[in-house]
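In: next comes the sequence, and after it the predicted model I'd like to discuss.
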Amino acid sequence: GYAVVMITPVLGGMALARLSHITVLAIIGFLFLGASLVSVALPLRRRARQRPSPPAADYRMLLAFMGRRRTGFLVFMGLNIVAVIAVSGAEALVIPAQTNALFPKDPAFLGTILSLMAASAVGGALTACLMRTWPQQFTVHVAWIAYALSLGTVSLVDGKSLLLVTVAFLGYTGAIIDTLITVMVQRTIARRHRAKLFGVISIALHMGDVTSLWLTAVVVSALGFATTLQIAAGITMAVAAAGLMSVRPEGSRRGS
């Protein structure tokens, strides 16, 4: 998913440069229709007969389950949502804008940046999948620190080579974060609550993305590109530090 978000602007720009707007919209509609038909054709698992419960009761049960036994996970997800709000707009708006400002005579370089981020994100996801027995909550917050450092570095770089290295690190660490959050949901939450929680997380993160885009535009208009990147990096660093502080007592209790 992270790689798709990175590569889509490149493919969309290439399509719009060669095809009409109506043709691109028709292709998008065809893809959505095809995906819908495939989803309808998928076989469904047989469920035991039981009285259907209203959705409100299901979510009330989920909140009760998490409140009793998974309060640490709620804190973890809250911290990560704050980090998403801090960095999504900076990544989606500020990095392309700053790239165009630095290299106005080479617009194709932005496509190179986004493509490299997508490729490195695949590597980050594969790396995260190998972390089978690592303390994953600790690893996620360390990855946020690495992400914050590279995000702050973007505002200081004015050479193509260093910028490519920086955005590759962004894609790599960002994919580790996304992958490990998904794995932690699967390992922490009971199976009967998992689908509902993924839905809640998806809504929260999409709201975070939209909020971040709006806030980033406001801050950029007032303070400029570099300051906005530094603010996003600072908030992300604070979130990661708070997460590491919350992990430490848990580790010490287990050690004792």
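Out: That came through fine. Numbers count the residues shown, from 1 in each chain.

In: report the buried residues of the helix or strand containing residue 179.
Out: Using DSSP states H and E, residue 179 falls within helix 160-188. For helix 160-188, burial by neighbour count (16 or more other CB atoms under 10 Å) applies to 163-181, 183-185, 188. C-beta: built from backbone N, CA, C; applies to glycine.

In: next secondary structure after it?
Out: Heading C-terminal from helix 160-188 (DSSP H and E), you reach helix 191-223.

In: what are the buried residues along that next one?
Out: 193, 196-197, 200-201, 204-205, 208-209, 212-213, 215-216, 219-220.

In: between it and helix 160-188, how big is the angle?
Out: Using axes from the mean of the first three to the mean of the last three CA atoms, to 10 degrees, the interaxial angle of helix 191-223 with respect to helix 160-188 works out to 150 degrees.

In: right, and residue 232 touches residue 87 too?
Out: Yes - between residue 232 and residue 87 there is a contact at 5.1 Å, judged by CB atoms under 8 Å.

In: now do the shared contacts for these two.
Out: 148, 151 (CB atoms under 8 Å, 6 or more residues apart in numbering).

In: got any ranges where the stretch 151-256 of the chain has weak pLDDT?
Out: Residue ranges of the stretch 151-256 of the chain with pLDDT under 70: 248-256.

In: do the same with the stretch 1-150 of the chain
Out: For the stretch 1-150 of the chain, the stretches with pLDDT under 70 are 47-52.

In: how about the helices in it?
Out: 2-18, 21-41, 55-69, 71-89, 95-102, 108-129, 136-154 (DSSP state H, counting those that start in this stretch).

In: give the buried residues for the longest one.
Out: Residues of helix 108-129 classed as buried: 109-110, 112-118, 120-122, 124-125, 128 (neighbour count, 16+ other CB under 10 Å).

In: helices or strands up against it?
Out: Counting contacts by 3 or more CB pairs under 8 Å, 6 or more residues apart in numbering; DSSP states H and E, helix 108-129 packs against helix 2-18, helix 95-102, helix 160-188.

In: again, 6 Å this time
Out: With contacts defined as 3 or more CB pairs under 6 Å, 6 or more residues apart in numbering; DSSP states H and E, helix 108-129 has these neighbours: helix 2-18, helix 160-188.

In: now the ones you listed in TSV, with distance to residue 80?
Out: Shown next, in TSV, are the helices and strands packed on helix 108-129 (distance: least, CB to CB, whole Å):
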stretch	distance to residue 80
helix 2-18	14
helix 160-188	6
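
In: now do the residue lying closest to residue 91 once chain neighbours are set aside against residue 227, distance only.
Out: Once flanking residues are discounted, residue 91 sits nearest to residue 170: 7.0 Å by CB to CB, 6 or more residues apart in numbering. Going from residue 170 to residue 227 by CB to CB, to the nearest Å gives 18 Å.

In: tell me the contacts of the residue nearest the centre of the chain?
Out: Nearest residue to the geometric centre of the chain (CA atoms, centre = their mean): residue 178, 5.4 Å. By CB atoms under 6 Å, 6 or more residues apart in numbering, the residues touching residue 178 are residue 2.

In: distance check, residue 83 against residue 195.
Out: For residue 83 relative to residue 195 (CB to CB), the value is 24 Å.

In: cool, and residue 141?
Out: Taking CB to CB, one finds residue 141 at 26 Å from residue 195.

In: can you check residue 177 too?
Out: 22 Å.

In: cool, and residue 105?
Out: For residue 105, the distance to residue 195 - CB to CB - is 49 Å.

In: many thanks, I have nothing further to ask.
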